[in-house]
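Quick one, structure for this:
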Amino acid sequence: MIAALAAGWTAPVIDYHALAPELVLAGGICIVLLADLFLDESRKWIISSLAGLTLLGAVLPVLTVSLDLGPDEFRSMFDGRYVVDQFSLVMKGLFLVAGYVVVLLSSRHVEEGETWKGEYWFLLLTSILGMVMMSSSRDLVSVFVALEFLSIPAYMLAAWRKRDSRSNEAGVKYFLLGVFASAVMLYGMSLLYGTTNTTLLSEIGSRISFDGDLAALNVLGTVFVVVGFAFKVSAVPFHAWAPDTYEGAPTPVTAFLSVASKSGGFVALVTVLLVAFPAGSDVWQPLIWVLAALTMTVGNVLALRQDNIVRMLAYSSISQGGFVLMPLAVAGTMGDGALRAVVLYLLLYAATNLGMFAVVIAVSRTTRSGRISSWGGLFSYAPVLGTLATVFLASLAGIPPLGGWIAKFAAFQVLIDAGTGWSYALAIVGAVNSVVAFGYYGTVLREIWMKPVPEGVPARADTPGSLSLALAITGVATVVLGVLPSIGLNLADVARFAAAVGGTGG
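Okay, here's the model as predicted:
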(Lines give C-alpha, C1' and ligand atoms only; values in the text may rest on other atoms or scores of the structure.)
Protein backbone atom coordinates (compact mmCIF):
# COMPACT_ATOMS: atom_id res chain seq x y z
CA MET A 1 0.00 0.00 0.00
CA ILE A 2 2.82 2.38 0.88
CA ALA A 3 4.49 1.58 -2.46
CA ALA A 4 1.26 2.32 -4.31
CA LEU A 5 0.89 5.65 -2.56
CA ALA A 6 4.51 6.47 -3.27
CA ALA A 7 4.05 5.62 -6.95
CA GLY A 8 1.17 8.07 -7.29
CA TRP A 9 2.72 10.83 -5.21
CA THR A 10 4.55 13.72 -6.82
CA ALA A 11 6.64 16.22 -4.89
CA PRO A 12 5.17 19.74 -4.80
CA VAL A 13 6.86 22.29 -7.00
CA ILE A 14 8.49 24.96 -4.84
CA ASP A 15 9.64 28.27 -6.29
CA TYR A 16 12.51 29.21 -4.01
CA HIS A 17 12.89 32.64 -5.59
CA ALA A 18 9.26 33.49 -4.85
CA LEU A 19 9.69 32.12 -1.31
CA ALA A 20 12.98 33.99 -0.74
CA PRO A 21 11.52 36.71 1.56
CA GLU A 22 10.09 34.05 3.89
CA LEU A 23 13.32 32.05 3.76
CA VAL A 24 15.45 35.09 4.57
CA LEU A 25 13.21 35.91 7.53
CA ALA A 26 13.31 32.31 8.78
CA GLY A 27 17.12 32.28 8.49
CA GLY A 28 17.35 35.61 10.32
CA ILE A 29 15.20 34.29 13.15
CA CYS A 30 17.59 31.35 13.59
CA ILE A 31 20.62 33.68 13.55
CA VAL A 32 19.03 35.94 16.16
CA LEU A 33 18.38 32.94 18.43
CA LEU A 34 21.96 31.72 18.06
CA ALA A 35 23.39 35.19 18.64
CA ASP A 36 21.32 35.58 21.80
CA LEU A 37 22.60 32.20 23.00
CA PHE A 38 26.32 32.75 22.40
CA LEU A 39 26.93 36.51 22.59
CA ASP A 40 28.13 38.09 25.81
CA GLU A 41 25.67 40.46 27.52
CA SER A 42 27.84 43.45 26.66
CA ARG A 43 27.48 42.67 22.95
CA LYS A 44 23.77 41.86 22.83
CA TRP A 45 23.20 45.19 21.08
CA ILE A 46 24.35 43.43 17.91
CA ILE A 47 21.08 41.47 17.86
CA SER A 48 19.03 44.56 17.01
CA SER A 49 21.32 45.19 14.04
CA LEU A 50 20.88 41.57 12.93
CA ALA A 51 17.10 41.97 13.12
CA GLY A 52 17.22 45.13 11.03
CA LEU A 53 19.55 43.58 8.43
CA THR A 54 17.27 40.55 8.20
CA LEU A 55 14.29 42.72 7.33
CA LEU A 56 16.24 44.77 4.80
CA GLY A 57 17.65 41.56 3.32
CA ALA A 58 14.12 40.20 2.88
CA VAL A 59 13.13 43.34 0.94
CA LEU A 60 15.64 42.52 -1.83
CA PRO A 61 13.92 39.34 -3.09
CA VAL A 62 10.58 41.17 -2.90
CA LEU A 63 11.99 43.65 -5.40
CA THR A 64 13.58 41.03 -7.66
CA VAL A 65 10.46 38.87 -7.77
CA SER A 66 8.34 41.95 -8.50
CA LEU A 67 10.58 42.82 -11.45
CA ASP A 68 10.22 39.26 -12.77
CA LEU A 69 6.42 39.32 -12.68
CA GLY A 70 4.23 41.11 -15.18
CA PRO A 71 1.06 42.95 -14.08
CA ASP A 72 -1.12 39.84 -14.40
CA GLU A 73 1.49 37.16 -13.69
CA PHE A 74 1.92 35.20 -10.49
CA ARG A 75 3.74 32.28 -8.91
CA SER A 76 1.53 29.56 -7.47
CA MET A 77 2.57 26.78 -5.10
CA PHE A 78 0.86 23.95 -3.23
CA ASP A 79 -2.09 23.72 -5.64
CA GLY A 80 -2.82 27.43 -5.52
CA ARG A 81 -2.84 27.63 -1.74
CA TYR A 82 0.21 29.90 -1.60
CA VAL A 83 0.39 32.56 -4.30
CA VAL A 84 2.95 35.28 -4.98
CA ASP A 85 1.43 38.08 -7.04
CA GLN A 86 1.83 41.84 -7.16
CA PHE A 87 -0.68 42.34 -4.33
CA SER A 88 1.24 40.04 -2.00
CA LEU A 89 4.58 41.61 -2.97
CA VAL A 90 3.40 45.16 -2.24
CA MET A 91 2.04 44.09 1.15
CA LYS A 92 5.22 42.14 1.96
CA GLY A 93 7.24 45.24 1.21
CA LEU A 94 4.98 47.25 3.53
CA PHE A 95 5.35 44.75 6.39
CA LEU A 96 9.12 44.49 6.03
CA VAL A 97 9.75 48.24 5.88
CA ALA A 98 7.31 48.89 8.73
CA GLY A 99 9.06 46.15 10.72
CA TYR A 100 12.43 47.81 10.08
CA VAL A 101 11.10 51.13 11.40
CA VAL A 102 9.84 49.33 14.52
CA VAL A 103 13.33 47.85 14.98
CA LEU A 104 14.71 51.40 14.87
CA LEU A 105 12.13 52.52 17.43
CA SER A 106 13.02 49.60 19.70
CA SER A 107 16.80 49.43 19.48
CA ARG A 108 17.53 52.19 21.99
CA HIS A 109 14.24 52.16 23.86
CA VAL A 110 14.58 51.43 27.57
CA GLU A 111 11.66 51.28 29.96
CA GLU A 112 12.14 51.06 33.72
CA GLY A 113 15.66 49.72 33.38
CA GLU A 114 14.64 46.69 31.33
CA THR A 115 16.47 46.58 27.99
CA TRP A 116 15.38 44.57 24.99
CA LYS A 117 16.73 41.04 24.92
CA GLY A 118 17.07 38.44 22.19
CA GLU A 119 13.60 37.04 22.79
CA TYR A 120 12.09 40.39 21.83
CA TRP A 121 13.70 40.37 18.41
CA PHE A 122 12.77 36.72 17.92
CA LEU A 123 9.11 37.44 18.65
CA LEU A 124 9.08 40.55 16.48
CA LEU A 125 10.60 38.79 13.46
CA THR A 126 8.30 35.80 13.92
CA SER A 127 5.22 38.02 13.91
CA ILE A 128 6.44 39.79 10.76
CA LEU A 129 7.02 36.40 9.13
CA GLY A 130 3.37 35.58 9.84
CA MET A 131 2.33 38.80 8.12
CA VAL A 132 4.48 38.04 5.09
CA MET A 133 2.94 34.56 4.91
CA MET A 134 -0.52 36.09 5.21
CA SER A 135 0.04 38.16 2.07
CA SER A 136 0.39 35.00 -0.04
CA SER A 137 -2.12 32.74 1.71
CA ARG A 138 -5.04 31.69 -0.51
CA ASP A 139 -6.48 28.88 1.62
CA LEU A 140 -8.53 28.96 4.82
CA VAL A 141 -5.96 26.81 6.63
CA SER A 142 -2.95 28.86 5.55
CA VAL A 143 -4.81 32.10 6.31
CA PHE A 144 -5.62 30.89 9.83
CA VAL A 145 -2.09 29.56 10.48
CA ALA A 146 -0.51 32.81 9.25
CA LEU A 147 -2.93 34.85 11.38
CA GLU A 148 -1.99 32.90 14.51
CA PHE A 149 1.67 33.06 13.53
CA LEU A 150 1.51 36.84 13.62
CA SER A 151 -0.82 37.06 16.64
CA ILE A 152 0.75 34.74 19.22
CA PRO A 153 4.13 36.56 19.35
CA ALA A 154 2.20 39.85 19.54
CA TYR A 155 0.39 38.64 22.67
CA MET A 156 3.75 38.12 24.37
CA LEU A 157 5.19 41.41 23.11
CA ALA A 158 2.23 43.31 24.59
CA ALA A 159 3.07 41.87 28.03
CA TRP A 160 6.82 42.41 27.64
CA ARG A 161 7.26 44.52 30.80
CA LYS A 162 6.76 41.70 33.24
CA ARG A 163 6.94 43.86 36.37
CA ASP A 164 4.37 46.36 35.12
CA SER A 165 0.77 45.47 35.97
CA ARG A 166 -0.54 47.54 33.06
CA SER A 167 1.63 45.62 30.61
CA ASN A 168 0.45 42.33 32.09
CA GLU A 169 -3.15 43.50 31.79
CA ALA A 170 -2.50 44.54 28.17
CA GLY A 171 -1.13 41.11 27.28
CA VAL A 172 -3.93 39.20 29.01
CA LYS A 173 -6.72 41.28 27.43
CA TYR A 174 -5.15 41.01 24.01
CA PHE A 175 -4.66 37.26 24.40
CA LEU A 176 -8.13 36.43 25.72
CA LEU A 177 -10.03 38.49 23.17
CA GLY A 178 -7.68 37.39 20.39
CA VAL A 179 -8.30 33.74 21.21
CA PHE A 180 -12.05 34.37 21.29
CA ALA A 181 -11.84 36.03 17.87
CA SER A 182 -9.84 33.10 16.51
CA ALA A 183 -12.44 30.66 17.81
CA VAL A 184 -15.29 32.60 16.17
CA MET A 185 -13.39 32.78 12.90
CA LEU A 186 -12.42 29.11 12.97
CA TYR A 187 -16.05 28.11 13.54
CA GLY A 188 -17.09 30.18 10.53
CA MET A 189 -14.35 28.57 8.44
CA SER A 190 -15.50 25.11 9.49
CA LEU A 191 -19.04 25.90 8.32
CA LEU A 192 -17.73 27.05 4.96
CA TYR A 193 -15.64 23.91 4.59
CA GLY A 194 -18.66 21.79 5.44
CA THR A 195 -20.80 23.39 2.73
CA THR A 196 -18.17 23.66 -0.05
CA ASN A 197 -15.95 20.65 0.76
CA THR A 198 -12.81 22.72 0.16
CA THR A 199 -10.54 25.15 1.97
CA LEU A 200 -9.05 26.72 -1.17
CA LEU A 201 -10.34 30.29 -1.38
CA SER A 202 -10.79 30.35 -5.16
CA GLU A 203 -12.76 27.09 -5.07
CA ILE A 204 -14.93 28.38 -2.24
CA GLY A 205 -15.64 31.42 -4.40
CA SER A 206 -16.85 29.21 -7.25
CA ARG A 207 -18.81 26.71 -5.12
CA ILE A 208 -20.39 28.80 -2.39
CA SER A 209 -24.07 29.61 -2.82
CA PHE A 210 -26.25 32.03 -0.91
CA ASP A 211 -29.43 30.54 -2.32
CA GLY A 212 -30.89 27.11 -1.64
CA ASP A 213 -30.73 24.64 1.22
CA LEU A 214 -27.24 25.58 2.46
CA ALA A 215 -27.68 29.35 2.18
CA ALA A 216 -28.19 29.84 5.93
CA LEU A 217 -24.96 27.99 6.80
CA ASN A 218 -23.00 29.95 4.19
CA VAL A 219 -24.36 33.26 5.48
CA LEU A 220 -23.55 32.28 9.06
CA GLY A 221 -20.04 31.13 8.12
CA THR A 222 -19.38 34.37 6.21
CA VAL A 223 -20.59 36.53 9.09
CA PHE A 224 -18.49 34.62 11.63
CA VAL A 225 -15.35 34.98 9.51
CA VAL A 226 -15.92 38.72 9.07
CA VAL A 227 -16.58 39.14 12.80
CA GLY A 228 -13.38 37.26 13.61
CA PHE A 229 -11.38 39.62 11.42
CA ALA A 230 -13.22 42.59 12.92
CA PHE A 231 -11.69 41.65 16.29
CA LYS A 232 -8.25 41.49 14.70
CA VAL A 233 -8.50 44.98 13.18
CA SER A 234 -10.15 46.42 16.33
CA ALA A 235 -13.37 47.42 14.57
CA VAL A 236 -16.21 48.67 16.79
CA PRO A 237 -17.89 47.00 18.69
CA PHE A 238 -14.99 44.50 18.86
CA HIS A 239 -12.40 47.13 19.85
CA ALA A 240 -12.43 46.89 23.65
CA TRP A 241 -8.96 45.36 23.87
CA ALA A 242 -7.16 48.02 21.84
CA PRO A 243 -6.93 51.13 24.11
CA ASP A 244 -5.76 49.25 27.23
CA THR A 245 -3.40 47.07 25.21
CA TYR A 246 -1.89 50.03 23.39
CA GLU A 247 -1.40 51.98 26.62
CA GLY A 248 0.02 49.08 28.62
CA ALA A 249 2.38 47.67 25.99
CA PRO A 250 5.84 49.20 25.44
CA THR A 251 5.51 52.10 23.01
CA PRO A 252 7.43 50.45 20.12
CA VAL A 253 5.18 47.41 20.48
CA THR A 254 2.15 49.69 20.41
CA ALA A 255 3.44 51.21 17.17
CA PHE A 256 3.90 47.70 15.78
CA LEU A 257 0.39 46.58 16.78
CA SER A 258 -1.28 49.73 15.46
CA VAL A 259 0.35 49.52 12.03
CA ALA A 260 1.84 46.18 11.00
CA SER A 261 -0.43 43.86 12.98
CA LYS A 262 -3.58 45.80 12.02
CA SER A 263 -2.50 45.82 8.37
CA GLY A 264 -2.04 42.04 8.50
CA GLY A 265 -5.64 41.67 9.63
CA PHE A 266 -6.87 43.92 6.83
CA VAL A 267 -4.86 41.97 4.23
CA ALA A 268 -6.49 38.74 5.39
CA LEU A 269 -9.97 40.31 5.40
CA VAL A 270 -9.56 41.75 1.89
CA THR A 271 -8.22 38.45 0.55
CA VAL A 272 -11.08 36.39 1.96
CA LEU A 273 -13.80 38.83 0.90
CA LEU A 274 -12.62 39.36 -2.67
CA VAL A 275 -11.38 35.85 -3.45
CA ALA A 276 -13.69 33.56 -1.45
CA PHE A 277 -16.90 35.61 -1.03
CA PRO A 278 -17.40 37.71 -4.19
CA ALA A 279 -20.83 36.10 -4.67
CA GLY A 280 -21.86 37.00 -1.13
CA SER A 281 -21.41 40.76 -1.37
CA ASP A 282 -25.09 41.26 -0.48
CA VAL A 283 -24.33 39.50 2.82
CA TRP A 284 -21.07 41.12 3.88
CA GLN A 285 -21.33 44.61 2.38
CA PRO A 286 -24.06 45.78 4.83
CA LEU A 287 -22.05 44.31 7.71
CA ILE A 288 -18.90 46.15 6.58
CA TRP A 289 -20.98 49.35 6.18
CA VAL A 290 -22.13 49.17 9.80
CA LEU A 291 -18.63 48.31 11.06
CA ALA A 292 -17.08 51.21 9.14
CA ALA A 293 -19.62 53.77 10.36
CA LEU A 294 -19.43 52.62 13.99
CA THR A 295 -15.64 52.33 13.99
CA MET A 296 -15.09 55.84 12.64
CA THR A 297 -17.65 57.45 14.91
CA VAL A 298 -16.93 55.69 18.20
CA GLY A 299 -13.17 55.91 17.72
CA ASN A 300 -13.31 59.67 17.10
CA VAL A 301 -15.76 60.47 19.90
CA LEU A 302 -13.76 58.55 22.49
CA ALA A 303 -10.48 60.03 21.25
CA LEU A 304 -11.84 63.50 22.07
CA ARG A 305 -12.01 62.54 25.77
CA GLN A 306 -8.43 61.31 26.17
CA ASP A 307 -5.66 63.15 28.04
CA ASN A 308 -3.01 60.47 27.44
CA ILE A 309 -1.29 60.68 24.06
CA VAL A 310 -1.02 56.90 23.57
CA ARG A 311 -4.68 56.28 24.40
CA MET A 312 -5.63 59.12 22.07
CA LEU A 313 -3.60 57.51 19.28
CA ALA A 314 -5.20 54.16 20.14
CA TYR A 315 -8.68 55.53 19.51
CA SER A 316 -7.33 57.40 16.49
CA SER A 317 -6.06 54.07 15.18
CA ILE A 318 -9.52 52.57 15.69
CA SER A 319 -11.06 55.47 13.78
CA GLN A 320 -8.52 55.15 10.96
CA GLY A 321 -9.50 51.48 10.70
CA GLY A 322 -13.03 52.65 9.97
CA PHE A 323 -11.75 54.70 7.04
CA VAL A 324 -9.92 51.62 5.73
CA LEU A 325 -13.19 49.67 5.94
CA MET A 326 -15.10 52.31 3.96
CA PRO A 327 -14.09 51.14 0.46
CA LEU A 328 -14.82 47.53 1.43
CA ALA A 329 -18.47 48.49 1.99
CA VAL A 330 -18.76 48.78 -1.81
CA ALA A 331 -16.07 46.24 -2.78
CA GLY A 332 -18.64 43.85 -4.21
CA THR A 333 -19.48 46.35 -6.96
CA MET A 334 -16.27 48.41 -7.18
CA GLY A 335 -13.78 45.51 -7.06
CA ASP A 336 -10.30 46.74 -8.09
CA GLY A 337 -11.16 50.32 -7.16
CA ALA A 338 -11.95 49.34 -3.57
CA LEU A 339 -8.81 47.20 -3.35
CA ARG A 340 -6.73 50.11 -4.67
CA ALA A 341 -8.15 52.47 -2.02
CA VAL A 342 -7.51 50.00 0.81
CA VAL A 343 -3.90 49.35 -0.24
CA LEU A 344 -3.18 53.06 -0.62
CA TYR A 345 -4.66 53.82 2.80
CA LEU A 346 -2.60 51.09 4.47
CA LEU A 347 0.63 52.36 2.87
CA LEU A 348 0.10 55.98 3.90
CA TYR A 349 -1.31 55.14 7.32
CA ALA A 350 1.76 53.02 8.09
CA ALA A 351 4.19 55.84 7.30
CA THR A 352 2.22 58.47 9.21
CA ASN A 353 1.31 56.46 12.31
CA LEU A 354 4.78 54.97 12.77
CA GLY A 355 6.20 58.48 12.50
CA MET A 356 3.81 59.78 15.11
CA PHE A 357 4.75 57.01 17.53
CA ALA A 358 8.43 57.80 16.90
CA VAL A 359 7.70 61.37 18.02
CA VAL A 360 5.83 60.04 21.07
CA ILE A 361 8.87 57.96 22.07
CA ALA A 362 11.21 60.93 21.62
CA VAL A 363 8.99 63.30 23.60
CA SER A 364 8.33 60.79 26.41
CA ARG A 365 12.10 60.24 26.78
CA THR A 366 12.35 63.96 27.47
CA THR A 367 9.24 64.70 29.55
CA ARG A 368 8.93 61.30 31.29
CA SER A 369 5.17 61.64 30.87
CA GLY A 370 2.51 60.36 28.54
CA ARG A 371 0.01 63.14 29.15
CA ILE A 372 -0.90 65.45 26.29
CA SER A 373 -0.29 68.45 28.57
CA SER A 374 3.40 67.45 28.78
CA TRP A 375 3.73 68.36 25.08
CA GLY A 376 3.39 72.06 25.94
CA GLY A 377 5.86 74.29 24.10
CA LEU A 378 7.47 71.37 22.25
CA PHE A 379 8.35 73.54 19.26
CA SER A 380 10.22 76.03 21.43
CA TYR A 381 12.80 73.54 22.77
CA ALA A 382 12.63 70.83 20.05
CA PRO A 383 11.59 72.56 16.80
CA VAL A 384 12.33 69.53 14.61
CA LEU A 385 10.17 67.23 16.75
CA GLY A 386 7.45 69.89 16.90
CA THR A 387 7.45 70.24 13.13
CA LEU A 388 7.42 66.48 12.54
CA ALA A 389 4.58 66.02 15.04
CA THR A 390 2.63 68.68 13.15
CA VAL A 391 3.29 66.92 9.84
CA PHE A 392 2.15 63.53 11.14
CA LEU A 393 -0.95 64.83 12.94
CA ALA A 394 -1.97 66.90 9.91
CA SER A 395 -1.50 63.84 7.69
CA LEU A 396 -3.68 61.71 10.00
CA ALA A 397 -6.30 64.46 9.78
CA GLY A 398 -6.12 64.36 5.96
CA ILE A 399 -4.80 67.88 5.40
CA PRO A 400 -3.15 68.46 1.97
CA PRO A 401 -0.43 68.24 0.80
CA LEU A 402 0.55 65.54 3.31
CA GLY A 403 0.10 61.81 2.68
CA GLY A 404 -3.16 61.31 4.53
CA TRP A 405 -5.16 63.50 2.15
CA ILE A 406 -4.74 61.27 -0.89
CA ALA A 407 -5.61 58.17 1.16
CA LYS A 408 -8.88 59.72 2.34
CA PHE A 409 -9.56 61.13 -1.12
CA ALA A 410 -9.24 57.68 -2.71
CA ALA A 411 -11.55 56.14 -0.10
CA PHE A 412 -14.22 58.80 -0.64
CA GLN A 413 -13.83 58.57 -4.42
CA VAL A 414 -14.71 54.87 -4.39
CA LEU A 415 -17.88 55.57 -2.39
CA ILE A 416 -18.94 58.37 -4.73
CA ASP A 417 -18.21 56.29 -7.83
CA ALA A 418 -20.38 53.47 -6.42
CA GLY A 419 -23.32 55.84 -6.89
CA THR A 420 -25.75 54.27 -4.41
CA GLY A 421 -27.68 55.83 -1.57
CA TRP A 422 -25.84 53.72 0.99
CA SER A 423 -22.42 54.66 -0.40
CA TYR A 424 -23.33 58.36 -0.33
CA ALA A 425 -24.57 57.99 3.25
CA LEU A 426 -21.29 56.35 4.33
CA ALA A 427 -19.34 59.10 2.57
CA ILE A 428 -21.28 61.69 4.61
CA VAL A 429 -20.52 59.78 7.83
CA GLY A 430 -16.86 59.70 6.86
CA ALA A 431 -16.81 63.43 6.06
CA VAL A 432 -18.35 64.30 9.44
CA ASN A 433 -15.82 62.10 11.20
CA SER A 434 -12.96 63.73 9.31
CA VAL A 435 -14.07 67.06 10.76
CA VAL A 436 -14.47 65.61 14.26
CA ALA A 437 -10.91 64.23 14.12
CA PHE A 438 -9.57 67.79 13.88
CA GLY A 439 -10.73 68.24 17.48
CA TYR A 440 -8.28 65.90 19.17
CA TYR A 441 -5.45 66.33 16.66
CA GLY A 442 -5.85 70.09 17.12
CA THR A 443 -5.61 69.70 20.91
CA VAL A 444 -2.13 68.25 20.58
CA LEU A 445 -1.11 70.88 18.02
CA ARG A 446 -2.29 73.63 20.37
CA GLU A 447 -0.05 72.24 23.11
CA ILE A 448 2.92 72.05 20.75
CA TRP A 449 2.63 75.57 19.35
CA MET A 450 0.69 77.72 21.84
CA LYS A 451 1.19 76.43 25.38
CA PRO A 452 4.19 77.07 27.65
CA VAL A 453 6.78 74.44 28.45
CA PRO A 454 5.81 72.51 31.63
CA GLU A 455 8.07 72.91 34.65
CA GLY A 456 10.89 70.41 34.93
CA VAL A 457 11.13 69.62 31.21
CA PRO A 458 14.78 69.70 29.98
CA ALA A 459 15.83 72.41 27.54
CA ARG A 460 16.50 69.93 24.74
CA ALA A 461 15.04 66.63 23.56
CA ASP A 462 16.91 63.31 23.80
CA THR A 463 16.71 61.68 20.36
CA PRO A 464 19.09 58.73 19.70
CA GLY A 465 20.43 58.09 16.22
CA SER A 466 18.17 55.12 15.48
CA LEU A 467 15.10 57.11 16.50
CA SER A 468 16.22 60.01 14.32
CA LEU A 469 16.55 57.64 11.35
CA ALA A 470 13.01 56.33 11.95
CA LEU A 471 11.71 59.91 12.07
CA ALA A 472 13.55 60.74 8.84
CA ILE A 473 12.17 57.68 6.99
CA THR A 474 8.58 58.23 8.07
CA GLY A 475 8.71 62.00 7.70
CA VAL A 476 10.06 61.85 4.15
CA ALA A 477 7.53 59.14 3.20
CA THR A 478 4.60 61.16 4.60
CA VAL A 479 5.59 64.34 2.77
CA VAL A 480 6.67 62.77 -0.54
CA LEU A 481 3.61 60.50 -0.83
CA GLY A 482 1.40 63.54 -0.25
CA VAL A 483 3.21 65.97 -2.56
CA LEU A 484 3.70 63.30 -5.24
CA PRO A 485 0.55 61.18 -4.87
CA SER A 486 1.26 59.36 -8.12
CA ILE A 487 3.88 57.26 -6.30
CA GLY A 488 1.39 55.81 -3.85
CA LEU A 489 -1.32 55.53 -6.49
CA ASN A 490 0.98 53.60 -8.82
CA LEU A 491 1.87 51.16 -6.02
CA ALA A 492 -1.83 50.73 -5.22
CA ASP A 493 -2.63 50.17 -8.89
CA VAL A 494 0.03 47.46 -9.14
CA ALA A 495 -1.29 45.62 -6.05
CA ARG A 496 -3.94 43.44 -7.68
CA PHE A 497 -5.09 39.85 -7.22
CA ALA A 498 -3.65 38.45 -10.44
CA ALA A 499 -4.19 34.91 -9.10
CA ALA A 500 -7.71 34.98 -7.77
CA VAL A 501 -8.50 31.64 -9.37
CA GLY A 502 -5.33 29.81 -8.34
CA GLY A 503 -3.68 27.64 -10.93
CA THR A 504 -0.11 27.46 -12.06
CA GLY A 505 1.04 30.99 -12.53
CA GLY A 506 2.87 32.71 -15.25
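
Now residue 85. Nearest residue, chain neighbours left out?
residue 74 (3.9 Å; Cβ to Cβ, 6 or more residues apart in numbering). Placement of C-beta: from N, CA and C, glycine included.

thinking that neighbour is in contact with residue 84, fair?
Yes: checked against Cβ atoms under 8 Å, the pair residue 74 and residue 84 is within contact range at 6.3 Å.

Mind checking which of those two has more residues around it?
Set residue 74 next to residue 84 and count neighbours by other Cβ atoms under 10 Å: residue 84 wins out with 30 against 26.

got the contact list for the more buried one?
15, 18, 19, 65, 69, 74, 75, 76, 77, 136, 505 (Cβ atoms under 8 Å, 6 or more residues apart in numbering).

What's opposite it in the beta bridge?
residue 75 (DSSP bridges).

do you know how far it is from residue 65?
Taking Cβ to Cβ, to the nearest Å as the measure, residue 84 and residue 65 are separated by 6 Å.

what do these two both touch?
Common contact partners of residue 84 and residue 65 (Cβ under 8 Å, 6+ apart): 18, 75.

what's the strand or helix carrying residue 284 in contact with?
Taking DSSP states H and E as the definition, residue 284 sits inside helix 281-303. With contacts defined as Cβ under 8 Å, 6+ apart, helix 281-303 is touched by 210, 219, 222-223, 226, 230, 235-237, 239, 243, 273, 277, 312, 315-323, 325-326, 328-333, 422, 426, 429-430, 433, 436-437, 439-440.

Restricted to helices, list the residues you listed.
219, 222-223, 226, 230, 243, 312, 315-323, 325-326, 328, 331-333, 422, 426, 429-430, 433, 436-437, 439-440 (DSSP state H).

pLDDT score for the nearest residue to residue 61 once chain neighbours are set aside?
With sequence-adjacent residues excluded and distances taken as Cβ to Cβ, 6+ apart, residue 61 is closest to residue 20, at 3.4 Å. Residue 20 carries a pLDDT value of 92.

Check which helix or strand the most centrally placed residue in the chain maps to.
Centroid-nearest residue in the chain: residue 263, 1.9 Å away (criterion: Cα atoms, centre = their mean). Using DSSP H and E, residue 263 sits in helix 262-271.

Which among the contacts of helix 281-303 count as buried?
For the contacts of helix 281-303, a neighbour count by 16 or more other Cβ atoms under 10 Å gives the buried set as 210, 219, 222-223, 226, 230, 235-236, 239, 243, 273, 277, 312, 315-323, 325-326, 328-332, 426, 429-430, 433, 436-437, 440.

Check the gap between residue 158 and residue 254 for me.
On the measure of Cβ to Cβ, residue 158 and residue 254 end up 8 Å apart.

So for these two, which sits in the more crowded spot?
residue 158 (30 against 26).

For that one, give me its contacts.
Contacts of residue 158 by Cβ under 8 Å, 6+ apart are 167, 170, 171, 174, 175, 245, 248, 249, 253, 257.

Got a quick PyMOL command for the buried subset of these?
Listed next is the PyMOL selection for buried residues among the contacts of residue 158, using 16+ other Cβ under 10 Å:
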select buried, resi 167+170+171+174+175+245+248+249+253+257
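
Now the two most distant members of the contacts of residue 158.
Across those, the longest distance by Cβ to Cβ is 13.8 Å; it joins 175 and 253.

Go ahead and confirm residue 360 touches residue 250.
No: when contacts are counted by Cβ under 8 Å, residue 360 is not listed as touching residue 250 (11.7 Å).

if you count what's nearby, which of these two comes out ahead?
Between residue 360 and residue 250, counted using other Cβ under 10 Å, residue 250 has the larger neighbour count: 26 against 22.

quick one: that one and residue 160 touch, right?
Yes: assessed by Cβ under 8 Å, residue 250 is found in contact with residue 160 at 5.4 Å.

so what sits against both of those two?
Joint contacts of residue 250 and residue 160 (Cβ under 8 Å, 6+ apart) are residue 167.

Quick check: nearest residue in space to residue 242, chain neighbours excluded?
Using Cβ to Cβ, 6+ apart, the nearest residue to residue 242 is residue 234, at 4.1 Å.

since we're on that neighbour, how many residues are nearby?
Neighbours around residue 234, by other Cβ under 10 Å: 28.

which ones are touching it?
Residue 234 touches 241, 242, 262, 317, 318, 321, counting by Cβ under 8 Å, 6+ apart.

Residue 245 too?
Per Cβ under 8 Å, 6+ apart, neighbours of residue 245: 158, 170, 171, 173, 174, 254, 257, 314.

Kindly recompute the last result at 10 Å.
154-155, 158-159, 166-167, 169-175, 177-178, 234, 253-254, 257-258, 314 (Cβ atoms under 10 Å, 6 or more residues apart in numbering).

Over the helix or strand hosting it, what's the mean pLDDT, rounded is fine.
Assessed by DSSP H and E, residue 245 sits inside helix 241-248. Mean pLDDT, computed over helix 241-248, is 84.

Distance from it to the middle of the chain?
16 Å (Cα atoms, centre = their mean, to the nearest Å).

for stretch 193-212, same thing?
For stretch 193-212, the distance to the chain centre is 28 Å (Cα atoms, centre = their mean).

For the chain, which segments count as strands?
For the chain, the strands defined by DSSP state E cover 75-77, 82-84.

so what's residue 399 closest to, chain neighbours aside?
Per Cβ to Cβ, 6+ apart, closest to residue 399 is residue 405, 6.3 Å.

where's the one you found relative to residue 274, distance?
Taken as Cβ to Cβ, the span from residue 405 to residue 274 is 26 Å.

Compare those two (neighbour count), which wins?
residue 274 (23 against 19).

what does the model give that one for pLDDT?
For residue 274, pLDDT reads 89.

residues contacting it?
Residue 274 neighbours (Cβ under 10 Å, 6+ apart): 87, 201, 205, 281, 328, 331-332, 335-336, 338-339, 342, 497, 500.

What of residue 229?
143, 147, 181, 184-185, 188, 235, 238, 265-266, 268-270, 272-273, 291.

Please repeat the previous calculation with a cut-off of 7 Å.
185, 265, 268, 269 (Cβ atoms under 7 Å, 6 or more residues apart in numbering).

Could you pull out the helices in the stretch 101-250 of the chain for me?
Secondary structure of the stretch 101-250 of the chain by DSSP state H, counting those that start in this stretch: the helices cover 118-136, 140-158, 165-196, 201-207, 215-232, 241-248.

Just send the ones you listed back as a markdown table, with distance to residue 488 too.
Output for these, formatted as a markdown table (distance: least, Cβ to Cβ, whole Å):
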| stretch | distance to residue 488 |
| --- | --- |
| helix 118-136 | 18 |
| helix 140-158 | 24 |
| helix 165-196 | 30 |
| helix 201-207 | 27 |
| helix 215-232 | 24 |
| helix 241-248 | 26 |
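
Of those helices, which is nearest residue 485?
Shortest separation from residue 485 across the helices of the stretch 101-250 of the chain is recorded for helix 118-136, at 23.7 Å, computed as Cβ to Cβ.

which residues are contacting the closest one?
With Cβ under 7 Å, 6+ apart, helix 118-136 has contacts from 21-22, 25-26, 28-29, 32-33, 35-36, 44, 47-48, 51, 54, 82-84, 88, 91-92, 95-96, 99, 102, 143, 146-147, 149-150, 153-154, 156-157, 160, 260, 264, 267-268.

Buried among those residues? Make that a ChimeraX selection.
The following ChimeraX line selects those of the contacts of helix 118-136 that are buried, judged by 16+ other Cβ under 10 Å:
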select :21,22,25,26,28,29,32,33,35,36,44,47,48,51,54,82,83,84,88,91,92,95,96,99,102,143,146,147,149,150,153,154,156,157,160,260,264,267,268
